[in-house]
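In: Just need the structure, nothing else, for what follows:
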Amino acid sequence: MTMILPSPLGAPGIIDAHVPLEQVRRDRAERVVLVQSRRGGTEQLRIALAQRGHQTARGIAQLDHVIDEEELTALVASGVRGVRLEAHAGDELAESFPRLASRVRDHNLFIDVDADARTIEQSFEVLADADVPVLLERFAGIRARSNGTVEGLLTALRLLSLGHVWITLSLPCRFGSPRDIATLLPHITSELVEFGGQRLLWGSGAVHAACHGVGPRTRANGTRRRCDAADSRRAIVNWIDDAEAARRVLVDNPERLFGFAPEPLAVPAGTRHREGAHR
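Out: Have a look, this model is predicted:
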């Protein structure tokens, strides 16, 4: 599990979930979001949420559609607001998503989708027609191609234009080479903000990482390097280049999505295609 920590200044960081509560207080974290890893258990997640209290902690759980209703109800009561779904192919996502959505719909949970751009594109209809909120990780999986184009950007914009899809601006280092990041991502971030800035949020995306910028190693053009959470946060703020919009991404939007804000999370009422969404 990991914790996303919005600070008093609205600058989220991330620390390992096993860090003592005293250190969380010392770092002056106002709110935490615990993300259950594949090797962690739901009972561990519930205990961690209980230790931190409902006013300051929320969770994202790793579940499947056969979860017991009593266990699911207990997780929601403990502060779980989303369930995580990893998929590596379009048919896998298209099959798994509806089954999971049918289980979490009545509990007003969102589905956190971790998939690459091709998988998301292949599952566009399923995600666009979802009757639960959807959170797409890592810029919705978009990647720079060697020919200078960007895989998945159009699909990400089309989905973000719908009222129930959210995107995390996480792990920009996985977008491509340092040159791709410097030349393409600032403009792409601006486009995403323009299309749906009220449903974007920053996240480190680093599972089992340290709070002061130590992130996972990743490959880009054959080079192994670190994704630094603090650097990515600063870059996102610079690319947005608007204080009010940056605050929405860093503070206001996460508060709405995770249920810290009084404004309820909008739940889709059925098919959410807008006219022209398939152009």
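
In: surely S161 meets G197?
Out: No - the criterion here is C-beta atoms under 8 Å, and S161 misses it with G197 at 11.7 Å. Every residue, glycine included, has its C-beta placed from N, CA and C.

In: What does the pLDDT read for I47?
Out: Looking at I47, its pLDDT stands at 81.

In: Quick one: name whatever helix or strand follows the helix or strand harbouring it.
Out: If you go by DSSP states H and E, I47 is part of helix 42-52. Next in sequence after helix 42-52, counting helices and strands by DSSP H and E, comes strand 57-62.

In: name the helices or strands packed onto that next one?
Out: Applying 3 or more C-beta pairs under 8 Å, 6 or more residues apart in numbering; DSSP states H and E, we find strand 57-62 packed against strand 32-35, helix 42-52, helix 69-78, strand 80-86.

In: what do you get if the cut-off is 7 Å, keeping everything else the same?
Out: Contact partners of strand 57-62 among helices and strands, from 3 or more C-beta pairs under 7 Å, 6 or more residues apart in numbering; DSSP states H and E: strand 32-35, helix 42-52, strand 80-86.

In: would TSV of those with mean neighbour count be doable?
Out: TSV is the format used below for those (neighbours: other C-beta atoms under 10 Å):
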stretch	mean neighbour count
strand 32-35	25
helix 42-52	17
strand 80-86	22
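
In: Please identify which of those is closest to L257.
Out: The closest of those to L257 is strand 80-86. By C-beta to C-beta, the value is 7.4 Å.

In: S123 contacts E92, doesn't it?
Out: No - counting by C-beta atoms under 7 Å, no contact exists between S123 and E92, whose distance comes to 8.8 Å.

In: The two - which one has more neighbours?
Out: S123 (24 against 16; other C-beta atoms under 10 Å).

In: Which other helices and strands does whichever strand or helix holds A182 contact?
Out: A182 belongs to helix 178-196 when assigned by DSSP H and E. Other helices and strands packing on helix 178-196, by 3+ C-beta pairs under 7 Å, 6+ apart, are helix 153-160, helix 229-240.

In: Can you pull out the residues in contact with the helix or strand that comes right after it?
Out: Once helix 178-196 ends, the next helix or strand along the chain (criterion: DSSP H and E) is strand 200-203. Outside strand 200-203, the residues that touch it by C-beta atoms under 7 Å, 6 or more residues apart in numbering are 4, 12, 166-170, 192-193, 233, 236, 249-250, 253-254, 257.

In: Filter those down to just the buried residues.
Out: 4, 12, 166-170, 192-193, 233, 236, 249-250, 253-254, 257 (16 or more other C-beta atoms under 10 Å).

In: and A246, backbone torsions?
Out: phi -60, psi -40 (degrees, to the nearest 10).

In: That one: neighbour count?
Out: So A246, with other C-beta under 10 Å, has 21 neighbours.

In: quick one: it and I240 touch, right?
Out: Yes - counting by C-beta under 7 Å, A246 touches I240, with 4.6 Å between them.

In: What's the local residue count around A89?
Out: As a burial measure, A89 scores 14 neighbours (other C-beta under 10 Å).

In: Tell me the spacing between the residue nearest to it when sequence neighbours are not counted and V126.
Out: Leaving out its chain neighbours, the residue that sits closest to A89 by C-beta to C-beta, 6 or more residues apart in numbering is T119, at 5.9 Å. Look at T119 and V126: by C-beta to C-beta, to the nearest Å, they are 11 Å apart.

In: Give me the common contacts of those two.
Out: With C-beta under 7 Å, 6+ apart as the test, T119 and V126 both reach L93.
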